[in-house]
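Student: The sequence and its predicted three-dimensional model are supplied below.
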Amino acid sequence: IAEGVAAGLYEQVGWHRLTQGDRDAPHPDSSEWQAALAEAVLEAVDGLRRLMAQGITAPVVGYEWTETGGAIGAEAELAWAGTHLAILRADQAEQAPGWQAIGWTASTLVEDWVAAVLTAFGRP
């Protein structure tokens with residue numbers, strides 16, 4: 001464990017007081033959040049930790065929207081299907097119109113994407 005701490009593999013989790021709205025907040029140790037943090041590109045990790053602390057559900061990392069015939073219509077680094085929100089890497093930005101055409105909101109990791117996610121979940 002000491003080697004992992006020295007290598008920065010373990011981060012301290014900040015504690016916060018739960019409020020009425022936090023009852024259903026995801027636990028930071030949930031397998032969904034741990035998978036998302038492990039699989040996401042490095043530039044998304046800090047933002048994901050902020051979202052986790054706000055009680056947002058974990059996204060699907062590497063989401064692919066498939067067309068009726070089974071072909072991949074669009075890809076996103078992060079997605080919350082329940083809110084139709086896709087967060088794209090810079091190299092996926094040209095796919096934003098495709099997401100918008102199917103009724104999704106698409107933001108890129110270079111924009112204030114954390115604010116877009118919080119807004120989609122009704123958080124300030």
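Tutor: Alright, I've got the coordinates.

Student: Only C-alpha atoms from now on, for both contacts and neighbour counts.
Tutor: Noted.

Student: Show me which helix or strand of this protein is least confident by mean pLDDT.
Tutor: Lowest on mean pLDDT, DSSP states H and E among the helices and strands of the chain sits helix 2-6, with a mean of 53.

Student: Sketch out the helices for the chain, chain order is fine.
Tutor: Taking DSSP state H as the test, the helices found in the chain are 2-6, 31-39, 42-53, 96-101, 113-120.

Student: packing partners for the longest one?
Tutor: If you count contacts as 3 or more CA pairs under 8 Å, 6 or more residues apart in numbering; DSSP states H and E, helix 42-53 packs onto helix 31-39, helix 113-120.

Student: Taking helix 31-39 as reference, get the angle to the strand ranked longest in the chain.
Tutor: The strand that spans the most residues within the chain, counting by DSSP state E, is strand 72-80. Here the directions of strand 72-80 and helix 31-39 differ by 120 degrees (axes from the mean of the first three to the mean of the last three CA atoms, to 10 degrees).

Student: Pull out the C-alpha coordinates of strand 72-80 and format them as CSV.
Tutor: C-alpha atoms of strand 72-80 as CSV (Å, rounded to 0.1, in the frame of the first residue of the first chain):
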residue,chain,number,x,y,z
ILE,A,72,-22.0,3.0,-34.9
GLY,A,73,-23.6,6.4,-35.5
ALA,A,74,-21.6,8.4,-33.0
GLU,A,75,-19.1,7.9,-30.2
ALA,A,76,-18.6,9.8,-26.9
GLU,A,77,-15.9,9.7,-24.2
LEU,A,78,-18.6,10.0,-21.5
ALA,A,79,-22.4,9.7,-21.7
TRP,A,80,-25.4,9.8,-19.5
